[in-house]
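Colleague: Quick one: sequence plus predicted model below, questions after.
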Amino acid sequence: MDLSLATRPEGDRTVVEVGGEIDVYTAPQLRSALNDAVAGGARHLVVDMSGTEFLDSTGLGVLVGGLKRVRTMDGDLELVCSSEKILKVFRITGLTKVFTIHPSIEDALAGSGPA
Amino acid sequence: MSVGPGVDDVLLRVGGSPENVRTARLVAAAVARREGLPEDRVDEVRIAVGEAVTWAMQGVPDHAVQVVLGPGGTGTGEFVVRVGGGTPAAGGVVEPGTDDVEGLAVALLRGLADRVSIEDGTTVLTWSDVPPT
C-alpha cells in the first residue's frame, strides 16, 4: 500500500487527504505535500486521515513539524481521524494534547472556522 | 547479535531500505497472530516492530537489521521480538509536542510492549500473558 495524497481548498482552509500507510518510507511525501500547501499560501490546514491505515513516529514527526511551521505564520493544522488504532498512537505519545483531532471532515470544516 | 532463533522463532534479515520496514511489520503481525496474540496486541506488535526496525536502520543505513520473533520459551506465555544489528532504541523522555522522532519512537515502544530492554545493543520487546495456542 502506497501513500495517496490529495490537496484541495475548502473555503479558507486547505484539506490534505492522506490515504494508506504513513511510515518512514512514505512520510517524506506527506512532508512535501504539507510544504507545498504552505508554499502555495495555505495557513489553515486540515489533514484528513480518514483513509489512513497506519501511522508511525516518522509520520507523527512530520505532522508536528507541519503544525509548528504554520503556527509561526499564525496558522493552524488540525486532524481528522476516527480510527481507534491510529488515535492510540496519538494518545501514547501525548500528542492528543497538541493536536485538535476531529472525528469527521464535516466536523473539522463546521463551526466558526479558524480564529 | 548473539541470540539465535529457536525452533518456533522466525528470523528476518531486513536490508537497510526504509521500504523494507513495512515488510518487517507484516511478518511481525503474522507471527504474532500465529502465536495466539489477540488482534489488538497483534497491532501493538506491528507498530512496535516497525518503530524498532526504523530506529535500528538509522544507525546503519547500509547494513541489514536482524529481527527474531517468537515465543520467549516453552510455557513462558510470552511473545518476544529482538531487533539487532543497528542502533538500539535507547532512551529519552518524550515531551508532548516534540517532533523529535526518536523520542516519539521510544514512547511508542514503551507504550505498546509490556517490557522494553536493551541487551548487547539489541532492542528486546516482550508481550506477556499470551494465551496458550
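Modeller: Okay, I see it.

Colleague: contact partners of stretch B:22-38?
Modeller: Stretch B:22-38 is contacted from outside by A:1, A:21, A:23, A:25, A:54, B:10, B:12, B:14, B:39, B:41-43, B:45-47, B:49-50, B:53, B:65, B:67, B:69-71, B:79, B:81, B:127, B:130-133, using CB atoms under 8 Å, 6 or more residues apart in numbering or on different chains. In short, each C-beta sits where N, CA and C put it, glycine included.

Colleague: what is the mean pLDDT for that stretch?
Modeller: In this model, stretch B:22-38 has a mean pLDDT of 96.

Colleague: Next, give phi and psi for residue B:78.
Modeller: phi -120, psi 160 (degrees, to the nearest 10).

Colleague: my bad, should have said residue B:83
Modeller: phi -120, psi 110.

Colleague: What sits closest to it if chain neighbours are left out?
Modeller: Nearest non-adjacent residue to residue B:83, counting by CB to CB, 6 or more residues apart in numbering or on different chains: residue B:52, 4.1 Å away.

Colleague: what helix or strand is that neighbour on?
Modeller: helix B:39-59 (DSSP states H and E).

Colleague: tally of neighbours for the residue nearest to residue B:83?
Modeller: By the measure other CB atoms under 10 Å in any protein chain shown, the count of residues near residue B:52 is 32.

Colleague: what's the answer for the one 3 residues further on, then?
Modeller: For residue B:55, the count of nearby residues is 25 (other CB under 10 Å).

Colleague: got it, and residue A:14?
Modeller: Neighbour count for residue A:14, taken as other CB under 10 Å: 23.

Colleague: try residue A:91
Modeller: For residue A:91, using other CB under 10 Å, the count is 13.

Colleague: Could you measure from it over to chain B?
Modeller: 8 Å (CB to the nearest CB, to the nearest Å).

Colleague: Before we move on, what's the pLDDT of that residue?
Modeller: Residue A:91 carries a pLDDT value of 97.

Colleague: and it, that's in a strand?
Modeller: No: under the criterion used here (DSSP: H, G, I helix; E, B strand; the rest coil), residue A:91 is helix, not part of a strand.

Colleague: returning to what we had before: show me what the helix holding residue B:52 is packed up against.
Modeller: Applying 3 or more CB pairs under 8 Å, 6 or more residues apart in numbering or on different chains; DSSP states H and E, we find helix B:39-59 packed against helix A:57-71, helix B:19-34, strand B:65-71, strand B:79-84, helix B:101-112, strand B:122-127.

Colleague: ok so, going back, run through the residues that contact the residue nearest to residue B:83.
Modeller: B:67, B:81, B:83, B:89, B:105, B:109, B:123, B:125.

Colleague: Going by distance to chain A, which of the residues you listed wins?
Modeller: Among those, residue B:105 lies closest to chain A (CB to the nearest CB), at 4.1 Å.

Colleague: Is the closest one in contact with residue B:56, as I believe?
Modeller: No: counting by CB atoms under 8 Å, residue B:105 stays clear of residue B:56, with 10.4 Å between them.

Colleague: Around chain B, which positions in chain A sit nearby?
Modeller: Listed as neighbours of chain B in chain A under the rule CB under 8 Å from any CB of the partner chain: A:1, A:21, A:23-25, A:54, A:56-58, A:60-62, A:64-65, A:68, A:85, A:89, A:92-95, A:97-98.

Colleague: Please name the bridge partners of the residue positioned nearest the centre of chain A.
Modeller: With distances taken as CA atoms, centre = their mean, chain A has residue A:47 as the residue nearest its mean C-alpha position (2.8 Å). Per DSSP bridges, the residues bridged to residue A:47 are residue A:16, residue A:79.
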